[in-house]
Structure formats: structure tokens, C-alpha cells
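**Q** sequence and predicted structure, then a few things I'm wondering about:
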Amino acid sequence: MTGVKRRRINNVLDKFILLWHYFNQTTDGERGYSMVKDYKRFRSEVKKSLHKVTITIPGEALDWFYELSKMMKKKKGYKLPRSYIIRSLINVCMKLDINVEGVKTEEDLEEKILRAIKKY
């Protein structure tokens, strides 16, 4: 390699190192990404302690989610993603007092949840 090519490579590496240090600056123990804009979410705040869970649902449920979110947008709201809707449904179910005694099938659980909703 000639001296010119080595200088170019060194300049590129120097720039990379400078950028690396710039993006990994720490301020009070947290990373400071000052070049990234802080966009406000137009929906609800997403909590940091969420876990990703994979579930299987029938096509009818997907259609229901689509229709529900479409109706939200039509009623002057936002078209929320399925994950927001499912989290909301789970939060509501967590507030119910569901008697799970004798539950052996999914249908039994559905019946118990419906009873808890009626009591609520």
C-alpha cells in the first residue's frame, strides 16, 4: 500500500472511532444519543418492562382486530396496533376476580371469564 492509501484508511478509522465515542457518551450512567431526535408517541406510552410473547389466534380474531382498529380510526381516534389492543384486554382481565376452580379446557376458562365480567 502506498502512503496515500494508508492515510485514507487511517482517516476513515479515526472518523469511525470519533463517531463511536460520540454515540457512546455516558451522562449519569445512561447513554447519550444527542443526534437522535426524541419523537413523541402519538399513542399511549409503552412501558419498558414488556416481554415479547408469541401466540396463535384464529383468522376470525385477526379480522376482529382489524375491524376494531378501523372503527377506532373512523370514530376520530387512532388505528391502534393489535399489540395495544391485546395489552388492554389483558389489563382488563387482570382486574377481574376470575374463579378458575375446575377449569379443564379453553371453553371452561372463557365461561369463567364471562361470569367474572358479568359480576364486575
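**A** Thanks, I have it.

**Q** quick one: Leu89 from Glu101, how far?
**A** 23 Å (Cβ to Cβ, to the nearest Å). Where C-beta positions appear, they are placed from N, C-alpha and C, glycine not excepted.

**Q** the two: who's more crowded?
**A** Leu89 (10 against 6; other Cβ atoms under 10 Å).

**Q** you'd agree the more buried one is in a helix?
**A** Yes - counting by DSSP: H, G, I helix; E, B strand; the rest coil, Leu89 falls inside a helix.

**Q** contacts only, for it.
**A** Not one residue lies near Leu89 by Cβ atoms under 8 Å, 6 or more residues apart in numbering.

**Q** any idea how far Lys118 is from Lys73?
**A** From Lys118 to Lys73 the distance is 30 Å (Cβ to Cβ).

**Q** low-confidence ranges in this protein?
**A** Residue ranges of the chain with pLDDT under 70: 1-13, 15-16, 18-47.

**Q** now do the helices in it.
**A** Applying DSSP state H to the chain gives helices spanning 3-23, 59-74, 82-95, 106-119.

**Q** which one is Arg115 nearest to, not counting chain neighbours?
**A** Closest residue in space to Arg115, ignoring its immediate chain neighbours: Asn99 at 7.4 Å, by Cβ to Cβ, 6 or more residues apart in numbering.

**Q** swap in Phe65?
**A** Counting by Cβ to Cβ, 6+ apart, Arg82 is the residue found nearest to Phe65 once chain neighbours are left out, at 4.7 Å.
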